[in-house]
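In: What follows is a predicted protein model with its sequence.
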Amino acid sequence: MGRAFEFRKGRKMKRWSAMAKAFTRIGKDIVMAVKEGGPNPEANSRLRAVIQNAKAANMPKENVERAIKKATDKDTANYKEVLFEGYAPHGIALLIETATDNNNRTVANVRSYFNKCNGTMGTQGSVEFMFDHTCNFRIPKEGIDPEELELELIDFGAEEVFEDEDGILIYAPFGSFGTIQKELESRKLEILSSGFERIPQITKKLTEAEMADVEKLIEKMEEDDDVMNVYHTMEE
């Protein structure tokens, strides 16, 4: 099994467990998708993907429809995706993905979390290269052989295909998202959820006390409404 499998096993979407936070993130994704490609999911592949994720997170249908309607309002501010980089204590690299309607506020907040928790905010490009930017899809496993599927999807950019208790996961480089989405849809395979992740190329083992220092900073970041995801190089 490859790095995506190990990463997924360690992460287990545990940081997405807070339901309200998940809904906030999906709400922002809907706004960005609608502003970019319109409110019709048939004609907007990004919105189609977000709606699938909303369903996977058990977000009520009326919430989704309300978010789409709100996003079409020209008075609704769009969110800008901004990436922050830096180091937590003990030399652990951090990548923080945010979606913000006020960049000055987000910069000030992220910097304050680094300062309060003995971290260092980095410059653009200082740690991003330590992570592989990937896309992933989850499909039902009924009647599908993961190894066979992997061979068939290699030509479309897939790098890892494996099974877990919730279905079959397909991992590929970030740029292959559209190609794989199109291929899965043309095969009439149901996409349960999809998304993007940054997988560390190497991880560092810490003691329990050191891990607690890093977790403290990660938790601070994740409590912020502008923060969508936090990735790190600490061994889970």
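Out: Sure, I can see it. Computed from a prediction, not measured in an experiment: that's the story for all the values here. Numbering: from 1, shown residues only.
In: What segments of this protein are strands?
Out: For the chain, strands defined by DSSP state E occupy the ranges 80-88, 92-100, 120-121, 131-139, 160-164, 167-173, 193-200, 227-232.
In: In this structure residue 110 contacts residue 82, no?
Out: No. Here residue 110 lies out of contact with residue 82, judged by CB atoms under 8 Å, at a distance of 9.0 Å. Where you see a C-beta, it was placed from the backbone N, CA and C, and this is true even at glycine.
In: Need the residues touching each of the two.
Out: With contacts taken as CB atoms under 8 Å, 6 or more residues apart in numbering, the residues that reach both residue 110 and residue 82 are residue 98.
In: Have a look at the two and say which one is more surrounded.
Out: Taking residue 110 and residue 82 together and counting by other CB atoms under 10 Å, residue 110 has the greater number of neighbours (25 against 16).
In: Next one, pLDDT for that one please.
Out: According to the predicted model, the pLDDT of residue 110 comes to 98.
In: And the pLDDT for the closest residue to it other than its chain neighbours?
Out: Nearest residue to residue 110, sequence neighbours excluded (CB to CB, 6 or more residues apart in numbering): residue 84, at 4.9 Å. For residue 84, the pLDDT comes out at 98.
In: Report the angle between the longest helix seen in the chain and strand 227-232.
Out: Using DSSP state H to assign secondary structure, the helix with the most residues in the chain is helix 19-37. Orientation note: helix 19-37 sits at an angle of 110 degrees relative to strand 227-232 (axes from the mean of the first three to the mean of the last three CA atoms, to 10 degrees).
In: Name the residues of helix 19-37 that are buried.
Out: 21-23, 25-35 (16 or more other CB atoms under 10 Å).
In: Where does pLDDT dip in the chain?
Out: Regions of the chain meeting the criterion pLDDT under 70 cover residues 1, 9-20.
In: And it, what are its domain boundaries?
Out: As given by the TED database, the domain ranges for the chain are 16-70, 79-114+201-230, 128-197.
In: could you redo these as TSV and give each row distance to residue 4?
Out: What follows is the domains of the chain, written out as TSV (distance: least, CB to CB, whole Å):
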stretch	distance to residue 4
domain 16-70	17
domain 79-114+201-230	12
domain 128-197	4
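In: out of these, which comes closest to residue 122?
Out: With CB to CB as the measure, domain 79-114+201-230 is the member of those nearest residue 122 (4.2 Å).
In: got the end-to-end distance for that closest one?
Out: For domain 79-114+201-230, the first and last residues are 18 Å from each other (CA to CA, to the nearest Å).
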